[in-house]
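Chemist: need the 3D shape of this:
(one chain, ligands or ions: 2)
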Amino acid sequence: LITNETAAREFANEVNAGSEVVMYNFVAASWNYNTNITTENQQAMVDESLKLALFDQAVEANASRYDWKNFSDTDLNRLFSKLVDIGTAAMTDKVKLERLNNIMSEMEAIYSTGKVCLTENNCLPLDPDLSRLMATSTDYDELLTVWKGWRDATGAKIKDLYKEFVSLSNEAIVQNGYPDTGAYWKSWYDTPTFEEDLKTLFETLKPLYVNLHAYTRKKLKERYGADKFPTSGHIPAHILGNMWAQTWGNLFDLLEPYPGKDDIDVTPQMVQQNYTAEKMFQVSDEFFKSLGLIEMPSEFWDHSMLKKPTDGRDVVCHASAWDFYNKKDFRVKQCTDITMEDLITVHHEMGHIEYYLQYKDQHVVYRDGANPGFHEAVGDVISLSVQTPTHLQKIGLLPEVTNDEEAEINFLMKMALQKIAFLPFGYLIDQWRWSVFSGETTPDNYNQKWWDLRCGLQGISPPEDRTEDDFDPGAKFHIPGNTPYIRYFVSFVIQFQFHKSLCQAAGQNVPLHQCDIYQSTAAGQKLSEMLKLGSSKPWPEAMMMIAGEDKMNAAALMEYFQPLTTWLIEQNDVYKLVFAESNP
Ligand SMILES: C[C@H](NC(=O)O)C(=O)O
Ligand SMILES: [Zn+2]
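Modeler: Residues are numbered from 1 along each chain as shown. Ligands and ions are numbered 1, 2, ... in the order given. Below you'll find the predicted structure:
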C-alpha cells in the first residue's frame with residue numbers, strides 16, 4: 001500500500017477535478033429529466049449515472065491502493081474515507097445497476113405524473129390542484145376522494161417497483177460494505193447512538209405533539225361531527241389540510257385560538273400585491289444578502305425553474321435545490337404557488353443554495369451538509385425570522401402588528417402547526433424505511449407497518465380500509481424519489497438550536513419566537529463560518545461552532561413554544577390527551 005501522503009493529496013486533487021466534470025454531466029442530465037420527463041431524457045440520465053458509477057468505482061479502486069487508514073494527516077484520512085465510500089455505485093453488475101437506476105427514474109415519473117380524475121375529463125395533478133384542494137376543502141367526502149385517488153394513482157402503481165428497488169439497492173450497498181441501505185444512510189450521521197438519540201428527542205417532544213393533537217382533534221370534531229372519528233382517539237388522515245397530514249398549517253383558520261387578530265397568514269396580502277414566484281425568491285435572496293451572505297449568481301436566475309411550465313411538459317414538481325458541482329451553476333426547481341406556505345418553501349430551498357455557495361471551494365467529497373439535517377435546517381432557520389409578524393410587517397406583508405398575549409398565542413399556534421405537527425411524521429418515515437431495508441418489514445407487510453407507525457406515532461388513522469394492494473408510503477414523494485427523510489426530523493430540532501444561537505449573535509434580547517436576525521451581519525458571519533465547512537469536519541464540531549453545544553438538543557424548540565405549551569395544557573385539561581398506540 002502507498003504510504004506517501006504527498007502523493008495521496010495529489011491523487012485526491014486529481015479526483016476532485018475529474019469528479020467535477022462527471023458530476024456536472026450527471027446533474028445536468030438529471031436536471032433535464034426532472035424538468036422534462038421523457039423516455040429519452042430518462043435514458044440519458046441513466047446513461048450518465050452509469051458513467052458516474054464507473055468513475056466512482058475507479059476512484060475507489062485507486063484510493064484503496066493507499067494506506068489511508070494510517071495517514072497521519074487526519075484531513076487526508078477523512079477525505080479518503082469518503083473517496084472509498086461510493087454507495088450503490090459499488091454495484092459491479094452493470095445490468096443490475098442500470099435496472100436500479102431505471103426503476104428509480106420510473107418510480108419518480110409515476111409519482112410526478114400522477115393525477116386524480118374527479119370527473120371523466122377533469123383529471124388533476126398534485127401541484128397545484130390537489131394540494132390546493134387538500135388545503136382548502138372542508139368537504140369530508142371530497143377530501144376522501146382526493147386522498148384515496150392520489151394513493152391509487154401513485155402508491156398502488158409503485159409497490160412492485162419498490163420491492164425490486166429495495167433488493168437491488170441492498171445488493172449494491174453490500175458491495176460497499178454495509179449490511180443494508182438503511183445502515184448506509186445512518187452512517188452519514190457517524191454517531192453510534194444515533195437511533196437512541198433520535199428516540200430520546202422524539203419522546204421528549206411527544207407531549208407537545210399530544211397536546212396539539214388533542215386540541216386539533218377537538219376542533220375537527222366540531223367541524224366534521226364526532227361520528228367521523230374512531231373511538232381510539234385517532235384523527236382521520238385526510239382532514240388535516242395536507243395530503244400526508246405532515247403539517248397542519250392549512251387548518252389555522254379553524255385552530256386560531258383568538259380569531260379576529262392580525263392576519264398572519266399573509267397569502268391574501270401576497271396575492272393582493274401581485275407577488276410572483278420570482279418576487280418570492282428575490283425576497284428570500286434579499287434576506288440572505290442582509291446577513292452578509294452570498295447572493296444568488298446570475299446562473300441561478302437564468303437557469304432555475306421557479307414555476308410549473310405551461311407548455312405541457314411533465315416535470316417533477318416537488319421542490320428541490322441543485323448543485324452542478326462546477327462552482328458556478330446552482331438552481332432551484334419549484335412549481336411555486338403564490339401562498340405563504342410556498343414562500344416558506346422558497347426560503348427552505350434558498351437555504352440549500354446558500355450552503356452550496358458557501359462550501360463550493362471544498363473538495364467535491366466535502367460538498368455536503370455537516371450531516372444531512374444541517375442542509376435541511378439552513379433555510380428553515382432564516383424562515384423562523386421571516387415568519388415573525390414584525391418581519392412580515394417590515395417587508396410590507398402585514399399592515400399592523402398587535403403585540404398582546406392573544407396575538408402571541410395565535411402566532412405560536414401557527415408555528416406549531418408547521419413544526420410540532422411535523423415531528424412524528426418526520427420521525428416515522430425512515431423508521432418504516434429502515435425496517436424495510438433491514439428485512440424486518442417484508443413486502444407483504446409494507447402497508448401494515450406503515451399504518452402501525454402512522455397510527456401509533458402520529459395518531460392518525462386511514463379514513464377507509466387499507467390492504468396490502470395499497471402502498472401508501474409510495475404516495476409520499478421521498479419514497480419513490482428515494483430521498484432519505486430523518487434529515488427533516490433532525491433539522492426540525494437543530495434549527496431551533498441554530499436560531500437561538502444566531503439570535504444571541506444578533507443581540508436580539510427578546511423571547512425566542514419573536515427574534516428576527518434580519519440584517520445582522522454578526523449572525524450571518526457565525527452562520528457562514530459553519531456553512532463553509534461543508535462535511536469536512538465531523539458534525540459535532542460544526543454544531544459546536546454554530547450552537548455552542550455538540551449534541552442535538554430539544555431544549556431550544558421547547559423554549560420557543562413554551563407559552564403555547566402552557567396554553568394548550570390549560571385548554572386540554574377537559575380533553576383526554578391519548579390516542580391508542582396501535583392501529584384502530
Ligand atoms: C419536509 C420535506 N421537505 C422537503 O422535501 O423539502 C417535505 O416536503 O416533505
Ligand atoms: Zn430540503
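
Chemist: pull up the residues of this structure that are close to ligand 1.
Modeler: Neighbours of ligand 1 within the chain, by Cβ under 6 Å from any ligand atom: 246, 319, 348, 488. The C-beta positions use only the backbone N, C-alpha and C, and glycine is treated the same way.

Chemist: at 5 Å what do you get?
Modeler: Contact residues, the chain versus ligand 1 (Cβ under 5 Å from any ligand atom): residue 488.

Chemist: count the residues that sit near the residue in the chain that ligand 1 sits nearest to.
Modeler: Closest to ligand 1 within the chain is residue 488: 4.4 Å, counting by Cβ to the nearest ligand atom. A count of nearby residues for residue 488, using other Cβ atoms under 10 Å, gives 24.

Chemist: same question for residue 50.
Modeler: Neighbour tally, residue 50, other Cβ under 10 Å: 16.

Chemist: can I assume residue 551 is in contact with residue 539?
Modeler: No - assessed by Cβ atoms under 8 Å, residue 551 is found out of contact with residue 539, at 10.2 Å.

Chemist: okay, these two: which has more neighbours?
Modeler: Between residue 551 and residue 539, residue 539 has the larger neighbour count (other Cβ under 10 Å), namely 23 against 14.

Chemist: can you read off the pLDDT for the more buried one?
Modeler: Residue 539 is assigned 98 on the pLDDT scale.

Chemist: how about residue 579?
Modeler: 60.

Chemist: re earlier: is the residue of the chain closest to ligand 1 within a helix or a strand, and which one?
Modeler: Taking DSSP states H and E as the criterion, residue 488 maps to helix 486-505.

Chemist: next secondary structure after that helix?
Modeler: Immediately after helix 486-505, counting by DSSP H and E, sits helix 521-533.

Chemist: the stretch 351-500 of the chain: helices as residue ranges?
Modeler: Counting by DSSP state H, counting those that start in this stretch, one finds helices in the stretch 351-500 of the chain at the ranges 372-386, 389-394, 405-419, 423-437, 446-458, 486-505.

Chemist: mean pLDDT added to the ones you listed, as CSV?
Modeler: Converted to CSV, the helices of the stretch 351-500 of the chain look like this (pLDDT from 0 to 100):
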stretch, mean pLDDT
helix 372-386, 98
helix 389-394, 98
helix 405-419, 98
helix 423-437, 98
helix 446-458, 98
helix 486-505, 98
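
Chemist: any chance of these in CSV with distance to residue 511 as columns?
Modeler: As requested, the helices of the stretch 351-500 of the chain are exported to CSV (distance: least, Cβ to Cβ, whole Å):
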stretch, distance to residue 511
helix 372-386, 13
helix 389-394, 12
helix 405-419, 8
helix 423-437, 21
helix 446-458, 29
helix 486-505, 10
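
Chemist: to residue 268, which of the ones you listed lies closest?
Modeler: Among the helices of the stretch 351-500 of the chain, the nearest to residue 268 by Cβ to Cβ is helix 389-394 (12.3 Å).

Chemist: buried residues in the closest one?
Modeler: For helix 389-394, a neighbour-count test (16 or more other Cβ atoms under 10 Å) marks 389, 391-392 as buried.

Chemist: repeat that for stretch 396-408.
Modeler: For stretch 396-408, by 16+ other Cβ under 10 Å, it's 397-398, 401, 407-408.

Chemist: where does this structure dip in pLDDT?
Modeler: 573-584 (pLDDT under 70).

Chemist: skipping adjacent residues, who's closest to the residue nearest the centre of the chain in space?
Modeler: Closest to where the C-alpha atoms of the chain average out (Cα atoms, centre = their mean) is residue 488, at 4.8 Å. Setting aside the residues directly before and after it, residue 488 is nearest to residue 426 in space (Cβ to Cβ, 6 or more residues apart in numbering), at 4.5 Å.

Chemist: follow-up on the earlier one: got the contact list for the residue of the chain closest to ligand 1?
Modeler: Counting by Cβ atoms under 8 Å, 6 or more residues apart in numbering, residue 488 touches 373, 376, 422, 426.

Chemist: likewise residue 462?
Modeler: Taking Cβ under 8 Å, 6+ apart as the criterion, residue 462 is in contact with 236-237, 451, 454, 472.

Chemist: how about 10 Å then?
Modeler: Residue 462 makes contacts with 147-148, 151, 230, 234, 236-238, 447, 450-451, 454-455, 470, 472, 583-584, as judged by Cβ atoms under 10 Å, 6 or more residues apart in numbering.

Chemist: show the buried residues in the residues you listed.
Modeler: Counted by 16+ other Cβ under 10 Å, the contacts of residue 462 give 147-148, 151, 230, 234, 236-238, 447, 450-451, 454-455, 470, 472, 583 as buried.

Chemist: residues contacting the host helix or strand of residue 332, please?
Modeler: In this structure, residue 332 sits in strand 330-333 according to DSSP H and E. Defining contact as Cβ under 10 Å, 6+ apart, one finds that strand 330-333 is touched by 27, 31, 34-35, 277, 281, 284, 294, 296-297, 299-306, 315-324, 345-346, 348-350, 352-357, 360.

Chemist: just the buried residues of those residues.
Modeler: Here, 16+ other Cβ under 10 Å leaves 27, 31, 34-35, 277, 281, 284, 294, 296, 300, 303-306, 315-324, 345-346, 348-350, 352-357, 360 buried among the contacts of strand 330-333.

Chemist: for the host helix or strand of residue 12, packing partners?
Modeler: Taking DSSP H and E as the criterion, residue 12 maps to helix 5-34. Packing contacts for helix 5-34, counted by 3 or more Cβ pairs under 10 Å, 6 or more residues apart in numbering; DSSP states H and E, involve helix 39-63, helix 74-83, helix 94-112, strand 320-323, strand 330-333.

Chemist: of these, which stretch is the most buried?
Modeler: strand 330-333 (a mean of 24; mean count of other Cβ atoms under 10 Å).

Chemist: restricting to C-alpha, output that one in CSV.
Modeler: This file holds the C-alpha atoms of strand 330-333, laid out as CSV (Å, rounded to 0.1, in the frame of the first residue of the first chain):
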residue,chain,number,x,y,z
PHE,A,330,-26.8,26.5,-8.8
ARG,A,331,-30.6,26.1,-9.3
VAL,A,332,-34.0,25.7,-7.7
LYS,A,333,-36.8,23.7,-9.3
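
Chemist: report the distance from that strand to the chain centre.
Modeler: 16 Å (Cα atoms, centre = their mean, to the nearest Å).

Chemist: now stretch 39-55 - C-alpha only, PDB.
Modeler: Taking C-alpha atoms only, stretch 39-55 is exported to PDB below (Å, rounded to 0.1, in the frame of the first residue of the first chain):
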ATOM      1  CA  THR A  39     -38.100   8.400 -22.100                       C
ATOM      2  CA  GLU A  40     -35.100   9.900 -24.000                       C
ATOM      3  CA  ASN A  41     -34.300  12.200 -21.100                       C
ATOM      4  CA  GLN A  42     -34.700   9.200 -18.700                       C
ATOM      5  CA  GLN A  43     -32.300   7.100 -20.700                       C
ATOM      6  CA  ALA A  44     -29.800  10.000 -20.900                       C
ATOM      7  CA  MET A  45     -29.900  10.400 -17.200                       C
ATOM      8  CA  VAL A  46     -29.500   6.600 -16.600                       C
ATOM      9  CA  ASP A  47     -26.500   6.600 -19.000                       C
ATOM     10  CA  GLU A  48     -24.800   9.400 -17.100                       C
ATOM     11  CA  SER A  49     -25.500   7.700 -13.700                       C
ATOM     12  CA  LEU A  50     -23.700   4.600 -15.100                       C
ATOM     13  CA  LYS A  51     -20.700   6.700 -16.200                       C
ATOM     14  CA  LEU A  52     -20.700   8.300 -12.700                       C
ATOM     15  CA  ALA A  53     -20.800   4.900 -11.100                       C
ATOM     16  CA  LEU A  54     -17.900   3.600 -13.200                       C
ATOM     17  CA  PHE A  55     -15.900   6.700 -12.300                       C
END
